[in-house]
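**Q** Here is a sequence together with a model predicted from it:
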Amino acid sequence: MVNSLDLKLPGYMVYCVVISCLGSFSNGWVIGSANVPGTVTHACQNGSAHVVSKAFPDCLPMNDALWGFAVASFCVGGLVGGFFGGAIQTKFGRKKTIIFNNIGWIIGSLLIGVSVHTAMFIVGRLFCGISCGLGSLTTPTYVGETSTVKARGTMGTCNQFAIVIGILLASVIGLPLASVPLWRINYAIVAIPAIAQFILMYGCVESPRWLISQNRLEEARASLQRLRPGADVEEEFYMMVEGVLGTAAAKAMVNYSSANDDVDERKDTFEENHLEDGSEDQDARPQMNMIQIWRDPTIRKIGIIVLMLHVIQQLIGMNAVMYYSTTIFNMSFDAQMSQYMAIVTTVVNFVATIVSLILIDRMGRRPLLLIAEAGACIFSVLLIIGYVYQIGALLIVSVFCYVISFAIGVGPIPWMLTSEVSPVYASSSIGALATAMNWAMNFLIGQCFPIIFAAIQGYSFAIFAAIALAAFIFTWFFVPETKNRTIESIVRSFEH
């Protein structure tokens, strides 16, 4: 019988990951839904008049500042959802959190779809944002805790891949819906994947690691066995129990299951593997709150690395580049073609994410992240050169190459590493802080970049080049490789 640690892509596990990532698709749709039909949403010809429909105004008139806040308000919801998400997923479990998180998308999308006032639109974006924040924490956690060691990178990239698909489809479908009153449908569509996930997620198992943290050990073993059909799960289960409840509990579980000599022999091997570095038997660890993680030297080290990766992901300037891309394309194309080129940019993002999906478990996380950060630095500098010397072709190529650099590493890897380097007893608190920080930086960039860009124009990308360089140095010295390693062994490496 094959050892579950040697499995790569068992079918049921892939199914659970794909269904959990429907929430990431909804996240991407919310991000992209305001891009193409944005103008007709807040600045249509008839304004708030009921010309096309007696029930709804043609659009919701807003000035640019209010529209900017209305679009970015989902980031505020994301910050709230992410911050409180740790406690929610710890108390109710990953599966239930993912299921009921869809309620925010359903309510929010319907509120926007039938909105008759600006306030309804903003409240709807807030509801969607709360689900985006909670989902961006819980989905990577669930994926990381249920995936096989050898496919955890590929499965983890599915989270970002689903977000990119959501952004792409929202932009493509947004083109024919960018009119009165069809713009309402564009915002309401996200309810469809939300309802689908609400139903289909019931067919998925709960995270074995979360079940272990709740002392539901037999349920955890059964859950792991369903995720690894036809495989021997004893060694992997031992490591999970040891990482959460301590060595004594893990030994007890192995003894309990020792029905033959082979398992007894493997148990001795487990003990040698786990204690060969001279470390003492591990004790059970209670769940840590957001204050306690800073008091533990090992967890503090992990927390700082995770937080820095999420700060880098936003401050490196991807959202700013996407914002600036419209201006770049307008230098070389007419307004309609610029709109199409913006969609091409999302296609480039999509293709590059597929490349990341293929490479992540071959090359590893650290090399891809270093390549991505180096690329972001180089192409930010080239953007400045293209701006200074008005070289339209260089600007366009730089935008595409920057997007590729971001998509292969800086986009997916911080979310993946959050679940890979955090032990179960601290993952919710670390993940909640990281998610809240990510959404806070997202909101900061969305609000501050237009002001910075208005003041110094293309030179603003010097800031992002400097941040990308600092990110490369940080990754080189502090970020470990997690490829083909269990979560428990990764955490143990921070103790030295």
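**A** Ah, there it is. Numbers count the residues shown, from 1 in each chain.
**Q** hey, let's count contacts and neighbours off CA atoms from now on
**A** Fine.
**Q** so how far is residue 63 from residue 123?
**A** Remark: distance between residue 123 and residue 63 (C-alpha to C-alpha, to the nearest Å) = 18 Å.
**Q** Compare these two and say which one has the larger neighbour count.
**A** Higher neighbour count among residue 123 and residue 63: residue 123, with 21 against 9, using other C-alpha atoms under 10 Å.
**Q** element containing that one?
**A** helix 118-146 (DSSP states H and E).
**Q** which phi and psi does residue 3 have?
**A** Per-residue torsions, residue 3: phi -70, psi 130 (degrees, to the nearest 10).
**Q** tell me the contacts of it?
**A** Taking C-alpha atoms under 8 Å, 6 or more residues apart in numbering as the criterion, residue 3 is in contact with 231, 232, 233, 235.
**Q** And for residue 447?
**A** Per C-alpha under 8 Å, 6+ apart, neighbours of residue 447: 68, 69, 72.
**Q** measure it to residue 453 for me?
**A** Residue 447 is 11 Å from residue 453, by C-alpha to C-alpha.
**Q** any residues in contact with both of these two?
**A** Common neighbours of residue 447 and residue 453 (C-alpha under 8 Å, 6+ apart) do not exist.
**Q** from memory residue 132 sits against residue 76, does it?
**A** No: using C-alpha atoms under 8 Å as the test, residue 132 is too far from residue 76 to be in contact (10.3 Å).
**Q** for the helix holding residue 123, what is the average pLDDT?
**A** Helix 118-146 comes out with an average pLDDT of 95.
**Q** Quick one: name whatever helix or strand follows it.
**A** Later in the chain than helix 118-146, the nearest helix or strand by DSSP H and E is helix 152-174.
**Q** What residues sit buried inside that next one?
**A** Within helix 152-174, the residues that count as buried by 16 or more other C-alpha atoms under 10 Å are 152-172, 174.
**Q** ok, back up a step: against which helices or strands is the helix holding residue 123 packed?
**A** The helices and strands touching helix 118-146, judged by 3 or more C-alpha pairs under 8 Å, 6 or more residues apart in numbering; DSSP states H and E, are helix 11-20, helix 22-32, helix 64-92, helix 94-113, helix 152-174, helix 208-213, helix 413-421, helix 424-456.
**Q** any weak-confidence spans in this protein?
**A** 254-284, 323-324, 326-327, 331-332, 496 (pLDDT under 70).
**Q** Show me it divided up by domain.
**A** 7-209, 250-283, 291-496 (automatic domain parsing).
**Q** Adding distance to residue 223, write those domains out as JSON lines.
**A** Listed next are the domains of the chain as JSON lines, based on distance: least, C-alpha to C-alpha, whole Å:
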{"stretch": "domain 7-209", "distance to residue 223": "6"}
{"stretch": "domain 250-283", "distance to residue 223": "15"}
{"stretch": "domain 291-496", "distance to residue 223": "16"}
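**Q** returning to what we had before: possible to save the helices and strands packed on helix 118-146 as JSON lines with distance to residue 45?
**A** Conversion of these to JSON lines gives the following (distance: least, C-alpha to C-alpha, whole Å):
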{"stretch": "helix 11-20", "distance to residue 45": "41"}
{"stretch": "helix 22-32", "distance to residue 45": "23"}
{"stretch": "helix 64-92", "distance to residue 45": "16"}
{"stretch": "helix 94-113", "distance to residue 45": "19"}
{"stretch": "helix 152-174", "distance to residue 45": "18"}
{"stretch": "helix 208-213", "distance to residue 45": "53"}
{"stretch": "helix 413-421", "distance to residue 45": "42"}
{"stretch": "helix 424-456", "distance to residue 45": "26"}
